[in-house]
Structures are given as structure tokens and as C-alpha cells.
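J.: Sequence plus predicted model, see below.
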Amino acid sequence: MSSGAPRTTPHASTRAVILDVIRAAGTISRVGIVAATGMTGATISTVVRGLIDDGLVVETGRAESTGGKRRVLLQLDPGARFAVGIHLDHAGLTYALTDLSGAVVARTSRPGPGSAAPGEVVARMAQEAATLVRGAGIDRTRLLGFGLVFPGPLASGGGMAVTPPSLRPWLGYPLGDELRRVAGLPVFLENDASAAGLGELWSGGVDASATFAAIYMGTGIGSGLLVNGLPFRGASGNTGEVGHVCLDLDGPECWCGARGCLEALAGPAAVVEQARADRRLAKVAGLRRKSPESASVLTDFGALSRAARRGDAGAVALLDRSARYVAVAVRTLANVMDLESVVLTGPSFAIAGASYLPAIRDELDHAFFARTAHIPDVRLSRAAATAPAIGGAAMVLQSELVPLHDGLRLPGNVSAGETPLAEPISP
């Protein structure tokens, strides 16, 4: 029995196709790669031999016999290449070093940029990333590059186009070019919410074939959208700005220039401001005095969340109100994209996810437009605090090793016992 019509392989090269299939499958034989791609056995054998020679792929035993010769299984050599993801936020800098499979080898968090000039912070990022790599015992020649992620929309030439108030000095700064110059390695840029979605995928938290959203909540709110394992980027790479969905036409002014945005009504900074206006609650929760620092917002949001867990009625009411607004925005996104699954990620969900998860699930259960057909699965991330940095590293791996023009769905029958083909393939 043959594998049927060849599948489209819209990667940038044959090598990229084969490498991506091996990565997606975990372990797979050459016959399995043919079944996944529709390429000839001769092509597969030639490319795989080159990948083995380059140290990217290794042979890892043989599949169980199906009556003939046992097939040799292939898998990536995780230690062949590495990438560093860097998440730049005013609240802090997070670094994740991953191997070729996307597994996290080392991670660290450092203080945010504060009032330092962008150039000083870029030099510091390069140094701290290098320290992380050395500390993990990784040869720098195996490092593919940096994936740098940050809040807000991306400018067409790289860097930040519009910034939250805490990052105004970075507006228009050539962030990617400067880090590339200082570090001497390729740099890839992404906004933090989109990177968080990719991080969830590479962390194994979601099905690569799903229509999926990572709802990211740090000091702001955004979302990363993935379809069939690929980020849905839009015209300028700025999809998923759910924090700037208008929920009140006459609402408060948002830093983006609009009014009544979700962030302005119910984001962590707005919740903290509402709590500070209540003297009793501010005292009970131990909130700091008003500060422009994003780190203060996350610290006070955490204090407020702890007060809610202790049962303080005022804290519970504020978080419940915020959760209802977030739930409506998530439902709007789910209606537009017909989402299969939603993951709540980012440092604020890591702090207070238990206050938001029930409200979002309830909203989708009762008001999602396609609820008679299906209801999106909603859960908290297992890597909420580091998902953007992991996604930044994954972006490097995808861009360097498996560049795509569109999606590739790995068939369900390509594991150790794939359908045999008429054409012989070298073992």
C-alpha cells in the first residue's frame, strides 16, 4: 500500500522539510519521512545522510519488526545546536537557553532595565546571555543566535513602534541591530505575546495541529495566535492585541491612544490603581506608594492576589471584576478565530491565574458562539513566567533550521511502524 498523493512541503528547502518532520515526530524512520512528505526515497536518503554528517541527526536504534528488515530510527541530536531567548520587560529580563529540540537547558531572571539607557541595557543583555551559555558548559560555536522579545507592536524596521509608558526611551531604538552588533550573532525579534504562544507550543503544552491562543498577561495583556503550529502574524507581525479591544466606548484613556481598552479597564496596572484608591485595601494588602516602575505593578498585583487568597472581600471583588473583563475579551477572540484551545500565560497569570481561569471557562461555556459544536479548552500554562523567552529561543530554531512558508501537519501514522512503500530506501 502506498502513502497516497505527495503532501505539500512549503518549507524553504528540502533539508528544512526533513529536519522539521524528524523534530515533530521525535523518532521516525526514513520510510516514515517519505510518508510525511511524499518525497522519493533517494532524496530522503541523501538529505538524511547530510544531516547526520552535520551532527544534527543521529540514528537511534531500530523499530520493531513488521515482517521484514527492521527500520533504522532517526532523531535530532538535541546537543547539536542551541539558542537563547531573551524577554525584555521593564519588570525584568528573562533568559532561556534551549537545545535543538526546544528543551530548556538553563534559565535565569535579572532586574529590568530601570532608567538605564537602551545601549547600556543591550550590552548587559549580551553579557548576561553569554554568562548563561558559559555556565551551562555550551560551546559558543553551537549557539545559533538570540530571539529577543518585548512588549507592544513591532516597528517595520525592528524595535518598538509604540511603547507602554515605562519603555518610552526605547521608542524607535534599533534594538535588533544593536544586539546583533554587540553579540555578533543573528537576532530575531517578536512581541512577547506571540513569542509566548510559540513557547507554549515548543514546551509541549499544546497540540501543533490546533487553532490556539496564548493569552499573555504581564503588566499588559496580549495574545499569541498559532494555526497548525505556525504563528499567525498578520500584515506587520502585530496580531492578537486583545488588550486593546475596546470594552467601553467612554472608558478611560489607554496608553495606546484609544479609550476603553481591556488593559485600561482591567489590566494589572489598572487593578493595582483601583486597589491603591481604597486606603483600607492598600494598607491590608501592603501595596507600595504609586510608582512608575512596572516591577512595582507586578509586585503590588502579587500582593493583591495574596490578599484575595486570604479572603479579603475588596481584593476578591477587584480580581473578579478584572477576570470578567478578560473573559469577555477572550470570548471575542475565540469567536473570531474559532479557537480549539486557550492557554493563560505570563507573569500575572502565574501570580493570579486561579482567579481568572474559572471566569474565562464559564464565559466560554455559556457565551462562546460555536459552543454547540465545541468549547475551547482553557488551562493555565506550566511555564507561565518563562514562555516568552522560550518562544524567543524557539523562533531562532525555526528560522535557522526549519524555515517555513506555511504549515506542515505530520500525519498520525508516521511513527516507528510506517506504511511500507514500493520504492526501496537505504537504511
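T.: Thanks, I have the structure now.
J.: Next one: the closest residue to Phe150 other than its chain neighbours from Tyr173, what distance?
T.: Spatial nearest neighbour of Phe150, excluding adjacent residues (Cβ to Cβ, 6 or more residues apart in numbering): Leu88 at 4.4 Å. For the C-beta atoms, the positions are set from N, CA and C on the backbone; glycine is no exception. Leu88 sits 11 Å away from Tyr173, going by Cβ to Cβ, to the nearest Å.
J.: and the two? which has more neighbours close in?
T.: Remark: of Leu88 and Tyr173, Leu88 carries more neighbours, 26 against 20, as counted by other Cβ atoms under 10 Å.
J.: per-residue pLDDT, that one?
T.: We have a pLDDT of 90 for Leu88.
J.: Ala25 too?
T.: 82.
J.: mean confidence score for stretch 192-202?
T.: pLDDT averaged over stretch 192-202 gives 85.
J.: Output it as PDB, restricted to C-alpha atoms.
T.: Output of stretch 192-202 as PDB, limited to C-alpha atoms (Å, rounded to 0.1, in the frame of the first residue of the first chain):
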ATOM      1  CA  ASP A 192       6.100  39.000  23.900                       C
ATOM      2  CA  ALA A 193       2.600  37.600  23.500                       C
ATOM      3  CA  SER A 194       3.300  36.000  20.100                       C
ATOM      4  CA  ALA A 195       6.600  34.500  21.500                       C
ATOM      5  CA  ALA A 196       4.700  33.200  24.500                       C
ATOM      6  CA  GLY A 197       2.400  31.300  22.100                       C
ATOM      7  CA  LEU A 198       5.400  29.700  20.300                       C
ATOM      8  CA  GLY A 199       6.900  29.000  23.700                       C
ATOM      9  CA  GLU A 200       3.800  27.100  24.800                       C
ATOM     10  CA  LEU A 201       4.000  25.000  21.600                       C
ATOM     11  CA  TRP A 202       7.700  24.100  21.900                       C
END
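J.: Break this protein into its domains for me.
T.: Structurally, the chain divides into domains by automatic domain parsing as follows: 81-200+387-401, 206-380.
J.: Dump those into JSON lines; add distance to Ala16 as well.
T.: Listed next are the domains of the chain as JSON lines, based on distance: least, Cβ to Cβ, whole Å:
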{"stretch": "domain 81-200+387-401", "distance to Ala16": "7"}
{"stretch": "domain 206-380", "distance to Ala16": "13"}
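J.: Helices of the stretch 251-400 of the chain, residue ranges please.
T.: 262-266, 268-276, 279-285, 294-309, 313-337, 347-367, 387-401 (DSSP state H, counting those that start in this stretch).
J.: Would you mind finding the most buried of those helices?
T.: helix 387-401 (a mean of 28; mean count of other Cβ atoms under 10 Å).
J.: for that one, packing partners?
T.: Helix 387-401 sits against helix 14-25, strand 82-89, strand 92-99, strand 143-150, strand 187-191, helix 192-202, strand 211-217, with contacts defined as 3 or more Cβ pairs under 8 Å, 6 or more residues apart in numbering; DSSP states H and E.
J.: could you redo the last one with a cut-off of 7 Å?
T.: strand 82-89, strand 92-99, strand 143-150, strand 187-191, helix 192-202 (3 or more Cβ pairs under 7 Å, 6 or more residues apart in numbering; DSSP states H and E).
J.: which stretch among these comes nearest Gly311?
T.: strand 92-99 (29.5 Å; Cβ to Cβ).
J.: show me what contacts Val187?
T.: Residues in contact with Val187 (Cβ atoms under 7 Å, 6 or more residues apart in numbering) are 145-146, 148, 176, 179-180.
J.: try it again with 10 Å
T.: By Cβ atoms under 10 Å, 6 or more residues apart in numbering, the residues touching Val187 are 84, 86, 126, 145-148, 158, 175-181, 392, 396.
J.: Turn the helices and strands packed on helix 387-401 into JSON lines, columns for distance to Thr43.
T.: Output for those, formatted as JSON lines (distance: least, Cβ to Cβ, whole Å):
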{"stretch": "strand 82-89", "distance to Thr43": "28"}
{"stretch": "strand 92-99", "distance to Thr43": "27"}
{"stretch": "strand 143-150", "distance to Thr43": "25"}
{"stretch": "strand 187-191", "distance to Thr43": "29"}
{"stretch": "helix 192-202", "distance to Thr43": "27"}
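J.: Can you tell me which of these is most buried?
T.: For those, the highest mean count by mean count of other Cβ under 10 Å goes to helix 192-202, at a mean of 30.
J.: can you give me the angle that helix makes with strand 82-89?
T.: Relative orientation of helix 192-202 versus strand 82-89 (axes from the mean of the first three to the mean of the last three Cα atoms, to 10 degrees): 140 degrees.
J.: Can you spell out which residues form a bridge with the residue nearest to Phe150?
T.: Beta-bridge partners recorded for Leu88 (DSSP bridges): Leu93.
J.: That one touches Pro113, doesn't it?
T.: Yes - if you go by Cβ atoms under 10 Å, Leu88 and Pro113 touch, sitting 7.3 Å apart.
J.: Now the common contact residues for those two.
T.: Taking Cβ under 10 Å, 6+ apart as the criterion, Leu88 and Pro113 both touch 121-122, 125, 167, 170.
J.: Going along the chain, name the helices of the stretch 51-200 of the chain.
T.: Here the stretch 51-200 of the chain has its helices, by DSSP H, counting those that start in this stretch, at 118-135, 175-183, 192-202.
J.: can you put those in TSV and add distance to Val328?
T.: As requested, the helices of the stretch 51-200 of the chain are exported to TSV (distance: least, Cβ to Cβ, whole Å):
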stretch	distance to Val328
helix 118-135	36
helix 175-183	34
helix 192-202	18
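J.: mind checking how far the helix or strand bottoming out on mean pLDDT in the chain is from the chain centre?
T.: Lowest on mean pLDDT, DSSP states H and E among the helices and strands of the chain sits strand 230-231, with a mean of 78. Counting by Cα atoms, centre = their mean, to the nearest Å, strand 230-231 is centred 10 Å from the centre of its parent chain.
J.: partners of that strand in the sheet?
T.: Strand 230-231 is paired, per DSSP bridges, with strand 221-227 (antiparallel).
J.: Would you mind getting the angle between the strand it pairs with and helix 387-401?
T.: Orientation check (the same axes, to 10 degrees): strand 221-227 against helix 387-401 gives 40 degrees.
J.: Quick check: buried residues in strand 221-227?
T.: Residues 221-227 are the ones in strand 221-227 that count as buried (16 or more other Cβ atoms under 10 Å).
J.: Tell me the one of these nearest Arg310?
T.: The closest of those, once distances to Arg310 are taken by Cβ to Cβ, is Ile221, at 25.2 Å.
J.: who's that closest one bridged to?
T.: Met217.
J.: which residues sit in contact with it?
T.: Neighbouring residues of Ile221 by Cβ under 10 Å, 6+ apart: 193, 215, 241-245, 261-263, 266-268, 322, 325-326, 329-330, 346, 348-349.
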